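Trainee: here is a sequence with its predicted model. Questions after.
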Amino acid sequence: MSSSTPHILQVLAGPVAPLGPAGATSAIAKRPVAQPVAIGPLGLAGDAQADLRVHGGPDKAVHVYAWAHYAQWQQELEVATGLPQPLLQAPGAFGENLAVTCVDEAGVCIGDHWRAGTAVLQVTQGRQPCWKLNLRFGVPDMATRVQKSLRAGWYCRTLQGGVVQAGDALELLERPHPGWTVQRLLALIRDRECNPDVLGAVLDLPLPPSWHKLFARRLEQGLTEDWTARLQGQV
């Protein structure tokens, strides 16, 4: 396999555990899995999510994150905080299930079919970061930073169950919407896009219910959503 071929650097999973000092719980602290792991309709065997209202489920079965982003986060956060960032020394800092190389948000599109090991995954949406990232990193505005950067990762549903392990190639099988990268859609959310022509085109995409609702509301009301609770928690 060529060094420029998209592939899985690490497979990660983890249980629900306490997070932060205020009694929150999360399964964001994923750990590497050495052996091959089965992927089914709800994600990786042995993986969990704390709040099933907003995490997990068929449309967010697998969270994917680009390992290439880590070096940039390391540099930015060390400058911002004056502190080293030990979480960024290895994959799993962002709660991803698949740490991948040679592909990122600019290189995957909504609706893509990707073979990962013997499984087939479909890209459903980008991640909308939440306040638990603030606790995870000890950086009060980490979720906002991730949203602004567009280095948020993406979710997939499982079209065909199978087995994955570190080193497996990622093979693009189908790309029905080549103009609609995850990065482009995350930018529309970040930039509070309300142009009816743009939103009409977005709503023609195979969006999961949560994203369809978001963009439909913008089209109907000409207004964007309040991000305070998602990015900062209940303040």
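Mentor: Noted; the coordinates are in hand. Residues are numbered from 1 along each chain as shown.

Trainee: how about low-confidence regions in this protein?
Mentor: Flagging of the chain using pLDDT under 70 yields the residue ranges 1-3, 234-235.

Trainee: can you pull out the helices in the protein?
Mentor: 69-81, 132-137, 142-149, 182-190, 196-202, 209-221, 228-232 (DSSP state H).

Trainee: any chance of those helices in CSV, plus mean neighbour count?
Mentor: (Each C-beta comes from the backbone N, C-alpha and C, glycine too.) Shown next, in CSV, are those (neighbours: other CB atoms under 10 Å):
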stretch, mean neighbour count
helix 69-81, 15
helix 132-137, 21
helix 142-149, 20
helix 182-190, 20
helix 196-202, 14
helix 209-221, 15
helix 228-232, 15
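
Trainee: those: which one's closest to residue 57?
Mentor: helix 209-221 (9.7 Å; CB to CB).

Trainee: and the angle from that closest one to helix 182-190?
Mentor: If you take axes from the mean of the first three to the mean of the last three CA atoms, to 10 degrees, helix 209-221 sits at 50 degrees to helix 182-190.

Trainee: which other helices and strands does helix 209-221 contact?
Mentor: When contacts are defined as 3 or more CB pairs under 8 Å, 6 or more residues apart in numbering; DSSP states H and E, helix 209-221 packs onto helix 182-190, helix 196-202.

Trainee: just give me how far the first one sits from the chain centre.
Mentor: Translated: helix 182-190. What separates the centre of helix 182-190 from the centre of its chain is 13 Å, taken as CA atoms, centre = their mean, to the nearest Å.

Trainee: what's the distance between residue 195 and residue 178?
Mentor: Remark: distance between residue 195 and residue 178 (CB to CB, to the nearest Å) = 21 Å.

Trainee: ditto for residue 68
Mentor: 22 Å.

Trainee: got the contact list for residue 231?
Mentor: Applying CB atoms under 8 Å, 6 or more residues apart in numbering to residue 231 gives the contacts 129-131, 141, 143-144, 147.

Trainee: now do residue 19
Mentor: With CB under 8 Å, 6+ apart, residue 19 has these contacts: 25-26, 28-29, 132, 135-136.

Trainee: in TSV: those, plus distance to residue 227.
Mentor: Formatted as TSV, the contacts of residue 19 follow (distance: CB to CB, whole Å):
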residue	distance to residue 227
25	22
26	19
28	19
29	24
132	14
135	17
136	18
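
Trainee: considering those residues, which is situated nearest to residue 75?
Mentor: For the contacts of residue 19, the nearest to residue 75 is residue 136 (18.5 Å; CB to CB).

Trainee: gap between residue 139 and residue 80?
Mentor: Distance from residue 139 to residue 80, by CB to CB: 7 Å.

Trainee: hmm, residue 15 is touching residue 50, no?
Mentor: No: contact between residue 15 and residue 50 fails when scored by CB atoms under 8 Å: they sit 9.4 Å apart.
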